[in-house]
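Visitor: 3D model of this:
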Amino acid sequence: MRNTRASVLFIICSMWLVFYEPALCDILAILAMIAFIINYVVVYKKYIAQISFAEFMLVCFVIVSIHNVIQTEDIAYSVRYTGITAFVVMLFLFISRLSDSYDTINQQMNFFFVPALISASLIIFSYFAIIAEIDLGVVHDIVIKNDRPRGFFKDANVAGPFLIPPAIYSFATILNRKRKSNLMLLLIFLILVTGVFATLSRAAMISLLFSILLVMILSLNFKKLMRIALILIFCISSFSIFLYVTPQSSFVDRLYDLKFGVNDRMQRIERGIPLIMENPLFGTGMRLDIQRAPHDTFLLLMTQTGIIGTLCFWAPVIYLSSTLLIRSRNPLYEKNRIIMLTLGISLLSHIVFGIVISFLHWRHFWYMAGLAMATVRISEASASKKPS
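Guide: Sure thing, here's the model as predicted:
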């Protein structure tokens, strides 16, 4: 079991390199899952005695998703898509079961700084390369697409959100702990925030600001909240002005990009709604490929899996995020409130993402959901041991 936990840290550290699939972190995750099953069931002869509400609902979500294969003409594509869905849910189950202590969860969150800082540094470097019109050679078309830095991700709209959970973690730690390392954490936080803005992802910017505000509201009294809010407004405004005056990549122009930003999404919605009406309960599977399907998570799930599948997906996400944020305010969990804030707000920020972007196969989302499930389970176990 100890070796399996160590291998998970290698998975985390390789999560910045996902342009080619199967990514290294996927291969390592599959090997770690196999080792975990062998250790857990064969060696120690343990079995999963109780399955939680969130785990049960997500298993049901995979079962509902399997009908994607049945209702499509492109069998090969649908099998691959559904297989990836099953894999990320297995990743969720694996992480939720492996992470059996707060120390293990905190260790994994600390290791997330490694891929996040690598990605943020590459994104910022690529952004300045765009401004200076520097050709990055063989990696140029990999790390930059449509004048937007994306690191080694396939899309800037994935690269930006990947940086948000560790940014939340560093910011929550700064506000809730008085440590000598806070200066280093502040530097990390600023690098990650700069990386998010440099992707020019509107959804990522909105979700980041939403997350920062929520961390402050749940961590500070009113006086400190106003003081830090003014500082952040000044810093973000200054950086926004800098982005606006750079000619090649003004994010302000993107806010009003009707050609792709709005029209494309409206067309996708128009194609999706008739399919939802055709089978509202279970959806119509992969009748639309991912390039033509609704762009947001809500309508995409309604199209593919109907009301049943949509509820099976969103109910666990809402349950885990709300449970962690409520418990973070309870003095009983004061010692571990930072991890609860981080994971609860991370999942909540993805609900915001879901309004405009599909994140169904984002590895880091499922990883955070697995840690959230583990935290809920550990908090319940620790509370039951407390004397009444």
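Visitor: Give me the mean pLDDT for whichever strand or helix holds residue 317.
Guide: Residue 317 belongs to helix 297-328 when elements are defined using DSSP states H and E. For helix 297-328, the mean per-residue pLDDT is 94.
Visitor: Next secondary structure after that helix?
Guide: That would be, after helix 297-328 and using DSSP H and E, helix 337-354.
Visitor: Report the inter-axis angle for the very next helix or strand once past that following helix versus helix 297-328.
Guide: In the C-terminal direction, the helix or strand that comes right after helix 337-354 (DSSP H and E) is helix 363-385. In terms of direction (axes from the mean of the first three to the mean of the last three Cα atoms, to 10 degrees), helix 363-385 departs from helix 297-328 by 30 degrees.
Visitor: How far off centre is helix 363-385?
Guide: 15 Å (Cα atoms, centre = their mean, to the nearest Å).
Visitor: Begin at 812 from now on, thanks
Guide: Shifting the count to begin at 812 puts that one at helix 1174-1196.
Visitor: Output that helix as PDB, nothing but the C-alphas.
Guide: The C-alpha atoms that make up helix 1174-1196 are tabulated as PDB, following Å, rounded to 0.1, in the frame of the first residue of the first chain:
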ATOM      1  CA  ARG A1174      -8.200  14.300 -15.100                       C
ATOM      2  CA  HIS A1175      -7.600  17.000 -12.400                       C
ATOM      3  CA  PHE A1176     -11.300  17.400 -11.800                       C
ATOM      4  CA  TRP A1177     -11.800  13.700 -11.000                       C
ATOM      5  CA  TYR A1178      -8.600  13.700  -8.900                       C
ATOM      6  CA  MET A1179      -9.900  16.600  -6.800                       C
ATOM      7  CA  ALA A1180     -13.300  14.900  -6.600                       C
ATOM      8  CA  GLY A1181     -11.600  11.700  -5.300                       C
ATOM      9  CA  LEU A1182      -9.700  13.700  -2.700                       C
ATOM     10  CA  ALA A1183     -13.000  15.400  -1.700                       C
ATOM     11  CA  MET A1184     -14.700  12.100  -1.300                       C
ATOM     12  CA  ALA A1185     -11.800  10.800   0.900                       C
ATOM     13  CA  THR A1186     -12.000  14.000   3.000                       C
ATOM     14  CA  VAL A1187     -15.700  13.600   3.600                       C
ATOM     15  CA  ARG A1188     -15.200  10.000   4.600                       C
ATOM     16  CA  ILE A1189     -12.300  10.800   6.900                       C
ATOM     17  CA  SER A1190     -14.200  13.700   8.500                       C
ATOM     18  CA  GLU A1191     -17.200  11.500   9.200                       C
ATOM     19  CA  ALA A1192     -15.000   8.800  10.800                       C
ATOM     20  CA  SER A1193     -13.100  11.300  13.000                       C
ATOM     21  CA  ALA A1194     -16.300  13.000  14.100                       C
ATOM     22  CA  SER A1195     -17.800   9.600  15.100                       C
ATOM     23  CA  LYS A1196     -14.800   9.000  17.400                       C
END
